[in-house]
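K.L.:
Turn this into a structure:
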Amino acid sequence: MRELSDVRYELADNTATITINRPDRMNSFRGRTVDELIHCFKTAWASKEVGAIILTGAGEKSFCAGGDVKERAETGGYGETEWGTFEIERLHRIIRDVPKPVIAAVNGVAVGGGHVLHVLCDLTIAAEHARFGQAGPRVGSFDAGFGSAYLARVIGEKRARQMWFLLELIDADTALSWGLVNKVVPADRLLDAAREYAATINSYSPTALRFLKHSFNADSDHLSGLSHVAFDGLEVFSHSDEAAEGATAFAEKRPPDYGRFRG
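P.N.:
From the prediction side, this is the model:
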């Protein structure tokens, strides 16, 4: 295992726990974070000891607040990466493709790109204080692939559009009633509940589970093509003045002024 700075990887009882470890930045991800997450998921994929994977965030405030908008405002990007490109789409793909169930343990805010990560996981357990939402149109970003089209598969068109067009945070109980999460537990029970899910999964046939995961994914895998188009479009958009206004306003803690970009 390489030296990790942004992510923790732990293996116990045939379960790999991957923790985004940037609590000072609300567990938002930069390029290095994404690289390390990919590395950890590939490690869990290859390990014959691992039957289930838990994804969570450090601390009690945030599961993941999405891309590090402060870094984007300061540098124009998400920092250096191993391959020279920001591999968030590759991370999305590996969460779906890893032939082992992935359980999101949402320990706080799951917003923006962090919300997309939990949606892509096979199961989600939320702490009672967890909050869920999108932020892209506020900060000059979007996810027009799995983060929106697949979200609509999970919770329905009207609710998915509500999340993206109004950018309201919803609480854990609402997320449960919408089918966005599988279970809500007290914060001090979150990881125990995730491990209980994992222990149950680990008692079952890994080959059967692998085929079931691929079968569930097959119905929506055409969205990967849409995801490619969406991320190519986002790459172009991210260099525009309109996108820069969103990131700059977030860093300066002021409302963005998008009026000049209409029409």
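K.L.:
Need phi/psi at T56.
P.N.:
Taking degrees, to the nearest 10, you get phi -150, psi -180 for the backbone angles of T56.
K.L.:
From A104, how far out is it?
P.N.:
Distance from T56 to A104, counting by CB to CB, to the nearest Å: 7 Å. From N, CA and C alone the C-beta is placed, and that goes for glycine too.
K.L.:
T174 too?
P.N.:
Taken as CB to CB, the span from T174 to A104 is 17 Å.
K.L.:
Which one's more surrounded, the two?
P.N.:
A104 (28 against 15; other CB atoms under 10 Å).
K.L.:
as a whole number, average confidence for stretch 160-170?
P.N.:
Mean pLDDT, computed over stretch 160-170, is 97.
K.L.:
List the buried residues of that stretch.
P.N.:
For stretch 160-170, a neighbour-count test (16 or more other CB atoms under 10 Å) marks A160, Q162, M163, W164, L167, L169, I170 as buried.
K.L.:
again with stretch 129-148
P.N.:
129-136, 138-148.
K.L.:
Contact partners for the spatially closest residue to P101 that is not a sequence neighbour?
P.N.:
Leaving aside its sequence neighbours, P101 sits nearest to D122 (CB to CB, 6 or more residues apart in numbering; 4.5 Å). D122 sits next to P101, V102, I103, K213, F216 when contact means CB atoms under 8 Å, 6 or more residues apart in numbering.
K.L.:
Phi and psi next, for D122.
P.N.:
phi -70, psi -40.
K.L.:
how near is it to W45?
P.N.:
For D122 relative to W45 (CB to CB), the value is 14 Å.
K.L.:
Ok, F165 next?
P.N.:
Taken as CB to CB, the span from F165 to W45 is 36 Å.
K.L.:
G156 now?
P.N.:
With CB to CB as the criterion, G156 and W45 are 31 Å apart.
K.L.:
now this protein, which segments are flagged as low pLDDT?
P.N.:
By pLDDT under 70, the low-scoring segments of the chain are 1, 226-228, 231.
K.L.:
what sits in contact with each of T56 and A104?
P.N.:
F63.
K.L.:
ok, which stretches of the stretch 151-263 of the chain are strands?
P.N.:
Using DSSP state E, counting those that start in this stretch, the strands assigned to the stretch 151-263 of the chain run over residues 170-171, 183-185.
K.L.:
what about the longest one, distance to the chain center?
P.N.:
To tie it back to what came earlier, the one meant is strand 183-185. On the basis of CA atoms, centre = their mean, to the nearest Å, strand 183-185 sits 18 Å off its chain's mean C-alpha point.
K.L.:
what pairs with that strand, and is each one parallel or antiparallel?
P.N.:
Applying DSSP bridges to the sheet, strand 183-185 is found paired with strand 123-127 (parallel).
K.L.:
do the first one as well
P.N.:
Next to strand 170-171 in the sheet, as set by DSSP bridges, lie strand 131-133 (antiparallel).
K.L.:
Now G79, what are its backbone angles?
P.N.:
Taking degrees, to the nearest 10 as the convention, G79 sits at phi 90, psi 180.
K.L.:
Could you measure from the residue nearest to P101 over to L166?
P.N.:
27 Å.
K.L.:
which residues of the stretch 1-150 of the chain fall in helices?
P.N.:
For the stretch 1-150 of the chain, the helices defined by DSSP state H, counting those that start in this stretch occupy 31-46, 69-75, 88-97, 113-120, 136-139.
K.L.:
among those, which is the most enclosed?
P.N.:
helix 113-120 (a mean of 26; mean count of other CB atoms under 10 Å).
K.L.:
Report all helices and strands that it contacts.
P.N.:
strand 52-57, strand 62-64, helix 88-97, strand 102-106, strand 131-133, helix 151-155 (3 or more CB pairs under 8 Å, 6 or more residues apart in numbering; DSSP states H and E).
K.L.:
related to what we said a few turns ago, and the two most separated of the buried residues of stretch 160-170?
P.N.:
Greatest spatial distance among the buried residues of stretch 160-170 (CB to CB): A160 and L169, at 14.9 Å.
K.L.:
before we move on, back to that, out of the contacts of D122, which one sits closest to S5?
P.N.:
After measuring those against S5 - CB to CB - the closest member comes out as V102, at 22.4 Å.
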